[in-house]
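Participant: please find the sequence and the predicted model below.
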Protein chains: 2
Amino acid sequence: MNMTAITPDIFQAVADPNRRTLLDLLLDGPRPVQELGAHFDISLAAISQHLKVLLEAGLVSREARGKYRYYHAEPAALQQVHDWTEQYREFWEDRLDRLGGYLDQQANSDTETET
Amino acid sequence: MNMTAITPDIFQAVADPNRRTLLDLLLDGPRPVQELGAHFDISLAAISQHLKVLLEAGLVSREARGKYRYYHAEPAALQQVHDWTEQYREFWEDRLDRLGGYLDQQANSDTETET
DNA sequence: CATTCATTTAAGTTATTACTTAAATGTTTT
DNA sequence: AAAACATTTAAGTAATAACTTAAATGAATG
């Protein structure tokens, strides 16, 4: 049940919005760096650095085709994140399922929920 | 459902392993800070700071009971993370479903997959 | 084979993060 | 009301992150 110890880099890797966008772009298929970079306002060196983080986390792989490096999404690596959130699923579904939302009411009256 | 809500990055919040452990602990039920802190080797001030990050991300709420503050897991906030990984699910399942794992083989032969 | 093109690595800067200890706040107990 | 307890906030530090520009590597092309 304790998923915290496994490959901590994946959560870290996916924490950056630019890296998530990179993964999203790669869902459409393998792309070379320059093409990925065209979607961002940062240098290609920065893109390359982000891709390195994703690579080391196992979230992408790279394939050399001539002078281009095609990056491939490796979605299987995301199962770890998925599985961790999955254990919470029954809780949020449980809560939403209760007609009349008794629990929510109680939570809202008892709870500060400050920012 | 409510995507307008200010969401001080949930992905960021769950990137830290101590914060994930905090959430995991809270799955068993609301807990005051000192009790959560007992599971870690860091100061209570640090725990409190982590809880603040989780609070601002909407991942926990707090309820004042006397001199204690009970923190509650707010699992619904994790749907956002879950949903994002969900779009990758069909891809990893697709891949794993292929008997003989043709694609995996090809990926392994074509691909550098360096660290 | 020298140049160009694609990408990576190096080196430096700035902002943020995860912690620490000490002081501040608020609550309960005596 | 003072002392004890639970938690938060403040202030400081060291490590890391996300970027930058410039130089290095490596493949393709003229």
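Facilitator: In hand now; what should we look at?
Participant: separation between A:Arg20 and A:Leu78?
Facilitator: For A:Arg20, the distance to A:Leu78 (CB to CB, to the nearest Å) stands at 11 Å. In short, each C-beta sits where N, CA and C put it, glycine included.
Participant: now A:Gln49
Facilitator: 21 Å.
Participant: the two - which one has more neighbours?
Facilitator: Ranked by neighbour count (other CB atoms under 10 Å in any protein chain shown), A:Gln49 and A:Leu78 place A:Leu78 first, with 24 against 11.
Participant: check what pLDDT the residue nearest the centre of chain A gets.
Facilitator: By CA atoms, centre = their mean, chain A has its centre lying nearest to A:Val14, at 4.0 Å. Reported pLDDT at A:Val14 in the predicted model: 97.
Participant: ok, now A:Trp92?
Facilitator: For A:Trp92, the predicted pLDDT is 84.
Participant: please identify the buried residues of the helix or strand that contains it?
Facilitator: Per DSSP states H and E: A:Trp92 is located in helix A:79-97. By neighbour count on 16 or more other CB atoms under 10 Å in any protein chain shown, the buried set for helix A:79-97 is A:79-82, A:84-85, A:88, A:92, A:95.
Participant: quick check: buried residues in the helix or strand harbouring A:Arg20?
Facilitator: With secondary structure defined by DSSP H and E, A:Arg20 is part of helix A:17-26. Buried residues in helix A:17-26, defined by neighbour count with 16+ other CB under 10 Å: A:19-20, A:22-23, A:25-26.
Participant: ok, that helix near DNA strand C or not?
Facilitator: No. Counting by CB under 7 Å from any atom of the strand, DNA strand C has no neighbours in helix A:17-26; the shortest distance is 11.3 Å.
Participant: which residues touch that helix?
Facilitator: Contact with helix A:17-26 is made by A:13-14, A:31, A:36, A:39-40, A:42, A:47, A:50-51, A:53-54, A:59-60, A:71-73, B:9, B:11, B:84, B:88, as judged by CB atoms under 8 Å, 6 or more residues apart in numbering or on different chains.
Participant: how about 7 Å then?
Facilitator: Outside helix A:17-26, the residues within contact range by CB atoms under 7 Å, 6 or more residues apart in numbering or on different chains are A:13-14, A:31, A:36, A:39-40, A:50-51, A:53-54, A:59-60, A:71-73.
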